[in-house]
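Enquirer: After the sequence you'll find the predicted model.
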Amino acid sequence: MLTARAGMAIGRAMLDLLLPPHCPTCDAAVDEPGRLCVACFAKATMIVQPCCIRCGTGFASAAAAGFASSCATCLDRPPPWRFARAAFAYDEFSRNLVLPLKYGDRTENAAVLARHMVRAGRSLLDDCDLLVPVPLHWKRLFTRRYNQAALLAQAIGRLSGRRVMVDALVRLRHTPTLVGQSPTERQTVVAGAIGSRPSRIAALSGCRIVLVDDVLTTGATAGACAEALLAAGADTVDVLAAARAARETD
């Protein structure tokens, strides 16, 4: 009699025979679903140590990180969260994974990105109780049909064994896109726009939370989320993103 695992392996082999797995960024043939081909993997700019412990920005060297391991901006204006990590720099390579996930119904890319987010954020995940995605307003969720941050959080939860609460946070009002806006403008737009869901406050109290998002840019949205979680009684909030954009200035 076949075990469930053996049956799944046979089913997967048959599926791969009928629909061979392809690289999610260039469609070249690969050994396993969700794997990057060698050529695309070589293009990836992964963020590894040393990087700023507060915002995840990579440093050129350990000397540049200094004793605080924080960038000058975070030392001058510390974010409301504790630590942040990202798997990739936000460049042409990572955009080819993030944007199809966000706007093109390529929901399978969530599993691809999550694998690398777990690698980058292992220290955060080892010290957390709960994964919480950045929320979408219901109007945007209706149009897009899914929240890409929630898909990432769920995929990370499956890989890491951490609990996920997809509805811990709520958008209190519909906000315009932040693309092209300065850090100050972004902060103004999201101020007071995100809160904790009243029915979830008791479950958030005392938790060590990892906030999950696709791209960390200025940190305005992540900061609003972190403040809402801390106001609800969370013990700590860290941030884990698929990609870290280059820091913008006013």
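Expert: Cool, got the structure.
Enquirer: Distance check, Lys102 against Ser69.
Expert: 30 Å (CB to CB, to the nearest Å). C-beta here means a position set from N, CA and C on the backbone, and glycine is covered the same way.
Enquirer: who's more crowded, those two?
Expert: Lys102 (20 against 15; other CB atoms under 10 Å).
Enquirer: shouldn't the more buried one be in contact with Ala243?
Expert: No: using CB atoms under 8 Å, Lys102 makes no contact with Ala243, being 11.0 Å away.
Enquirer: Can you check which residues contact both of these two?
Expert: Asp214 (CB atoms under 8 Å, 6 or more residues apart in numbering).
Enquirer: For stretch 141-160, give me every contacting residue.
Expert: Residues contacting stretch 141-160 (CB under 8 Å, 6+ apart): 101-103, 105, 107, 110-111, 113-115, 117-118, 121, 125, 131-136, 162-164, 166, 212-214, 240, 242.
Enquirer: if you look at the residues you listed, which of them are in strands?
Expert: Leu131, Val132, Pro133, Arg163, Val164, Val212, Asp213, Asp214, Leu240, Ala242 (DSSP state E).
Enquirer: how about TSV for those, with neighbour count added?
Expert: Formatted as TSV, the ones in strands among the contacts of stretch 141-160 follow (neighbours: other CB atoms under 10 Å):
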residue	neighbour count
Leu131	26
Val132	30
Pro133	26
Arg163	13
Val164	20
Val212	31
Asp213	23
Asp214	26
Leu240	29
Ala242	30
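Enquirer: and which of these is nearest Leu75?
Expert: Among those, Leu240 lies closest to Leu75 (CB to CB), at 21.5 Å.
Enquirer: For the closest one, give me its contacts.
Expert: Leu240 is in contact with 84-86, 117, 120-121, 124-125, 156, 210-213, counting by CB under 8 Å, 6+ apart.
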